[in-house]
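S.K.: Turn this into a model:
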Amino acid sequence: MFKQTVVIGAGASGMMAAITASKNSNQVILLEKLPKIASKLKATGGGRCNLTNTLSNEDFMAHFGREGRFMTPALTLLDYKKLQHFFTSIGVDTHAPDGFRIFPVGHDASTIIKALKSEMDRLGVEVLCSQKVINLENNEHRVTAVVTQNQRFKAEQIIIATGGMGYPVLGAEGDGYQLAQSIGHKIIQLHPAMMPLKTKENWGANCRADTIAKVEMRVDIKKYKKLHATGDLIFTKSGIRGPVVLDFSREITPLLAKFDEVPVLMNLTKGKNEEQIREHFKKELKQNREHTVQTLVETLLPTSVTLELCKLAEADSTKPIGKLSGMVRDKLIKLLAWTPLTINGHDGFKMAMITRGGVSLKEIDPNTMQSKKIEGLYFCGEVMNLDGPCGGYNLQWAFASGYLAGLLK
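M.R.: You can find the predicted model right below:
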């Protein structure tokens, strides 16, 4: 017997939920408030669409922090290998060119969207665009209908797959949080994440031409010293960006809500500590006694960064390093090992790729994705309080949670 299922949101998790529900003999309506489906998915990874990665489920969940184990049932059903098999079955081959990140072979998100759309068409999923959901109806025990700005759809099951608040131009306006709250769900405080950050200092503006590889960043607040991230860093006119910043912003934006400024320390020298930097300089000087402070530091860093750190240390970059006072030399080496920076802002959700916070996981059954508050209501994807770093984590979770929600257990 067919059951009427309404999925709200035609992103990665919503389309997967619709496909799965339809395969399980449900009559599925997929509602999207924008004129087209999958707008955010199309922009993912600069349009290249990093679908997932090759980590084991245990390692994968660890990257989501203390809430990560909530994902166990979903990932057991649809891990990265099963996700690859699913896409192969609908006509999209995938590969991991770097051995870690998995992409469609053509590195084009549109191939993923076309394949998912074709599969929904094949299964008879009714996709309705320009349908903004404004209310969920229920009889206190169970959901009964979805109301949009101009229609009402009876539903025995409703799946909320509306995503977060990031990139509002692509339709992310927090609709799902409001719908969940109307049923009585708690929303964990929302913060923009995976985004560039602004800095108090302006010297980085002179270093915009260079990307610094393998930078480690740490929060320099005693209570939060365990927070860190590693990756490539790019200086901007007003702050910093790059993979390490995108990952680290997940930790920084909640702190900025507590503090006006967040001091951080950056190791720009590929992990070298003070002693290793001293040893490196000794070896370089043995090979070339003519090194100035600038040419010596340039063996570790680009010229633009070298000159700025020399200024911060008040070290004359034109002198031989042996001509510097011991105090200035020590200050320079300390700066090379750990360069301080002060984060003091960001551009909010308009520049955020993901949202930190969302529907409380304590109120969702991880074995089914069903609400513990009311029968027939399910959640999947970013609308829940679970987010990961760059590298295919969030899309894998979107597809896996969408698959589990679509089973409608």
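
S.K.: going forward, measure contacts between C-alpha atoms and count neighbours the same way
M.R.: Will do.

S.K.: Mind jotting down where the strands sit in the stretch 151-300 of the chain?
M.R.: 152-154, 157-160, 187-193, 197-199, 211-219, 228-235, 239-241, 262-267 (DSSP state E, counting those that start in this stretch).

S.K.: Please work out which of the ones you listed is packed deepest.
M.R.: When the strands of the stretch 151-300 of the chain are scored by mean count of other C-alpha atoms under 10 Å, the highest mean neighbour count falls to strand 157-160 (a mean of 26).

S.K.: neighbouring strands for it, and are they parallel or not?
M.R.: Using DSSP bridges, strand 157-160 pairs in its sheet with strand 3-8 (parallel), strand 377-379 (parallel).

S.K.: With only the CA atoms kept, save it in CSV.
M.R.: In CSV, the C-alpha atoms belonging to strand 157-160 read as follows (Å, rounded to 0.1, in the frame of the first residue of the first chain):
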residue,chain,number,x,y,z
GLN,A,157,5.5,11.0,6.5
ILE,A,158,7.5,14.2,6.2
ILE,A,159,11.2,14.5,5.7
ILE,A,160,12.9,17.8,6.5
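
S.K.: Can you tell me what sits against that strand?
M.R.: 3-9, 14, 17, 143-144, 146, 176, 376-380, 383, 405-406, 408 (C-alpha atoms under 8 Å, 6 or more residues apart in numbering).

S.K.: what does stretch 57-67 give?
M.R.: Contact partners of stretch 57-67, identified using C-alpha under 8 Å, 6+ apart, comprise Gly68, Arg69, Met71, Thr72, Leu75, Thr76, Asp79, Leu386, Asp387, Gly388, Pro389, Tyr393.

S.K.: Spit out the contact partners of the second one.
M.R.: Put plainly, it is Arg69. Contact analysis of Arg69 by C-alpha under 8 Å, 6+ apart lists Met61, Ala62.

S.K.: Domain map for this protein?
M.R.: 3-192+355-406, 196-346 (automatic domain parsing).

S.K.: pLDDT weak spots in the chain?
M.R.: 1-2 (pLDDT under 70).

S.K.: The same query, at a cut-off of 90, please.
M.R.: For the chain, the stretches flagged by pLDDT under 90 are 1-3, 25, 40, 43-47, 140, 166-173, 351, 409.

S.K.: returning to that earlier point: include distance to Phe248 when you put the strands paired with strand 157-160 into CSV, please.
M.R.: Output for these, formatted as CSV (distance: least, C-alpha to C-alpha, whole Å):
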stretch, distance to Phe248
strand 3-8, 30
strand 377-379, 26
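
S.K.: What are the contacting residues of the helix or strand Leu136 falls within?
M.R.: Using DSSP states H and E, Leu136 sits in strand 133-138. The contact list for strand 133-138 (C-alpha under 8 Å, 6+ apart) reads 8, 31, 33, 143-149, 175, 179, 182-183.

S.K.: Now that strand: buried residues?
M.R.: For strand 133-138, a neighbour-count test (16 or more other C-alpha atoms under 10 Å) marks Val133, Asn135, Leu136, Glu137, Asn138 as buried.

S.K.: Please tabulate the residues you listed in a markdown table, including the columns distance to Leu197.
M.R.: A markdown table is the format used below for the buried residues of strand 133-138 (distance: C-alpha to C-alpha, whole Å):
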| residue | distance to Leu197 |
| --- | --- |
| Val133 | 33 |
| Asn135 | 36 |
| Leu136 | 37 |
| Glu137 | 41 |
| Asn138 | 42 |
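
S.K.: didn't Met194 look like it was pressed against Thr253?
M.R.: No: the criterion here is C-alpha atoms under 8 Å, and Met194 misses it with Thr253 at 9.4 Å.

S.K.: More neighbours: these two, which one.
M.R.: Met194 (30 against 25; other C-alpha atoms under 10 Å).

S.K.: Leaving out the residues flanking it, which one is nearest to that one?
M.R.: Leu246 (4.1 Å; C-alpha to C-alpha, 6 or more residues apart in numbering).

S.K.: how far away is the one you found from Ala229?
M.R.: Using C-alpha to C-alpha, to the nearest Å, we find Leu246 at a distance of 10 Å from Ala229.

S.K.: again with Thr54
M.R.: Distance from Thr54 to Ala229, by C-alpha to C-alpha: 20 Å.

S.K.: what do you get for Ala180?
M.R.: Per C-alpha to C-alpha, Ala180 is found 32 Å from Ala229.

S.K.: Please apply the same query to Ala12.
M.R.: Computed with C-alpha to C-alpha, the distance linking Ala12 and Ala229 is 27 Å.

S.K.: can you give me phi and psi for the closest residue to Val105 other than its chain neighbours?
M.R.: Closest residue to Val105 in three dimensions, ignoring its sequence neighbours and counting by C-alpha to C-alpha, 6+ apart: Thr94, at 4.9 Å. Backbone torsions of Thr94, given as degrees, to the nearest 10, read phi -130, psi 160.

S.K.: ok, what's across the strand from Thr94?
M.R.: Pro104.

S.K.: Let me see the contact set for it.
M.R.: Gln84, Phe87, Thr88, Ile102, Phe103, Pro104, Val105.

S.K.: Quick check, Val305 in contact with Ala209.
M.R.: No: taking C-alpha under 8 Å as the definition, Val305 is not a contact partner of Ala209, at 9.7 Å.

S.K.: neighbour-wise, which of those two wins?
M.R.: Between Val305 and Ala209, Val305 has the larger neighbour count (other C-alpha under 10 Å), namely 23 against 13.

S.K.: what about the more buried one, distance to Ile234?
M.R.: Separation of Val305 from Ile234 (C-alpha to C-alpha): 11 Å.

S.K.: same question, Tyr224
M.R.: Taken as C-alpha to C-alpha, the span from Tyr224 to Ile234 is 24 Å.

S.K.: again, but for Ser22
M.R.: 45 Å.

S.K.: got it, and Met369?
M.R.: Counting by C-alpha to C-alpha, the gap from Met369 to Ile234 is 39 Å.

S.K.: what do you get for Pro104?
M.R.: From Pro104 to Ile234 the distance is 27 Å (C-alpha to C-alpha).
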